[in-house]
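Student: quick one: sequence plus predicted model below, questions after.
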Amino acid sequence: MIWFADGSSLEGNQYVELKDTSPPFDPLKIHAWDWTGIDITKESQGEGKEPDSIQARVIRELRVCNFDVIFDDDGKGEAADIVTIRLAGDRAAPTSIDVEFYHCKYSQETTPGQRIKDLYEVCGQAQKSIAWMYSPDKRTDLFTHLLRREARRQAAGSPSRIEVGDEELLLTIRDMSRLCPVSLRIYVVQPGLSSAGATRDQLALLSVTENYLMETFRISFGVIASP
């Protein structure tokens, strides 16, 4: 089955249009960040942790948010460019494990604009993220995935993927996830999008993504862009 940006689908030769159209995404809900000093055409920080990249800028912002773990999962096979984890309540016996995915995407141009193509891929990545919520086992698999990615990075003698926290804490969280509820919130990060100048098509695509995440597993959705 192929899902299109407007919510319609194609299965075999049967095309089904979306019957109920949702209102456009509210531009007031877009988090408008200052990207001064950042090359918005550069998505990944890479192993060199390039400070002028979008990913590095997001990580710096997240460092002050009191997360227990911040993980750079960027690269082929990623769950998201950045994964954060916060233990709610007592850290030794949390009431929930709150995970956030940050899907970053570079801008097609050096300034924000009204380019719908800046959003297609990153919204698709957000929608595919529901795969981690399919079952309790799959939610635990997320932490196994992160541990495996870190082990491969260490084996290659490259810098750690863990920006905040450590491997031992990740192991503990994975064990906790077998009994503790795991929640997920998903953000798309696209500084090529202007919150003030977003077009109806851009807002419609964001709305489809938000509704899809909410209607499947009640996953909250956020957007980070430019003013």
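Tutor: Yep, it's here. Computed from a prediction, not measured in an experiment: that's the story for all the values here.

Student: what ranges does the chain have for its helices?
Tutor: Using DSSP state H, the helices of the chain run over 54-62, 117-128, 136-155, 167-176, 200-217.

Student: show me what the third one packs onto, helices and strands only.
Tutor: Taking 3 or more Cβ pairs under 8 Å, 6 or more residues apart in numbering; DSSP states H and E as contact, the helices and strands that helix 136-155 lies on are helix 167-176, strand 182-194. Every residue, glycine included, has its C-beta placed from N, CA and C.

Student: tell me which of those sits most buried.
Tutor: Mean neighbours per residue, mean count of other Cβ atoms under 10 Å, is largest over those for strand 182-194, with a mean of 23.

Student: what are the pairing partners of the helix or strand of the chain with the lowest mean pLDDT, and which direction each?
Tutor: Within the chain, no helix or strand scores below strand 2-3, which has a mean of 80 by mean pLDDT, DSSP states H and E. Paired neighbours of strand 2-3 in the sheet (DSSP bridges): strand 9-11 (antiparallel).

Student: off-centre distance for the partner strand?
Tutor: Strand 9-11 sits 25 Å away from the centroid of its parent chain (Cα atoms, centre = their mean, to the nearest Å).

Student: figure out which of the helices and strands packed on helix 136-155 is closest to Thr111.
Tutor: Shortest distance between Thr111 and the helices and strands packed on helix 136-155, using Cβ to Cβ, is found for strand 182-194: 8.1 Å.

Student: pLDDT on that closest one, on average?
Tutor: When pLDDT is averaged along strand 182-194, the result is 98.

Student: could you check the angle helix 136-155 makes with it?
Tutor: 60 degrees (axes from the mean of the first three to the mean of the last three Cα atoms, to 10 degrees).

Student: got the CA coordinates for strand 182-194 in PDB?
Tutor: This file holds the C-alpha atoms of strand 182-194, laid out as PDB (Å, rounded to 0.1, in the frame of the first residue of the first chain):
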ATOM      1  CA  VAL A 182       7.000   3.500  27.000                       C
ATOM      2  CA  SER A 183       5.700   6.700  25.300                       C
ATOM      3  CA  LEU A 184       6.800   8.300  22.100                       C
ATOM      4  CA  ARG A 185       6.700  11.900  20.900                       C
ATOM      5  CA  ILE A 186       8.000  12.800  17.400                       C
ATOM      6  CA  TYR A 187       9.400  16.000  16.100                       C
ATOM      7  CA  VAL A 188      10.300  17.000  12.600                       C
ATOM      8  CA  VAL A 189      13.100  19.600  12.300                       C
ATOM      9  CA  GLN A 190      13.200  21.600   9.100                       C
ATOM     10  CA  PRO A 191      14.800  25.100   9.300                       C
ATOM     11  CA  GLY A 192      13.900  25.500   5.600                       C
ATOM     12  CA  LEU A 193      10.300  25.900   6.700                       C
ATOM     13  CA  SER A 194       9.200  29.400   7.700                       C
END
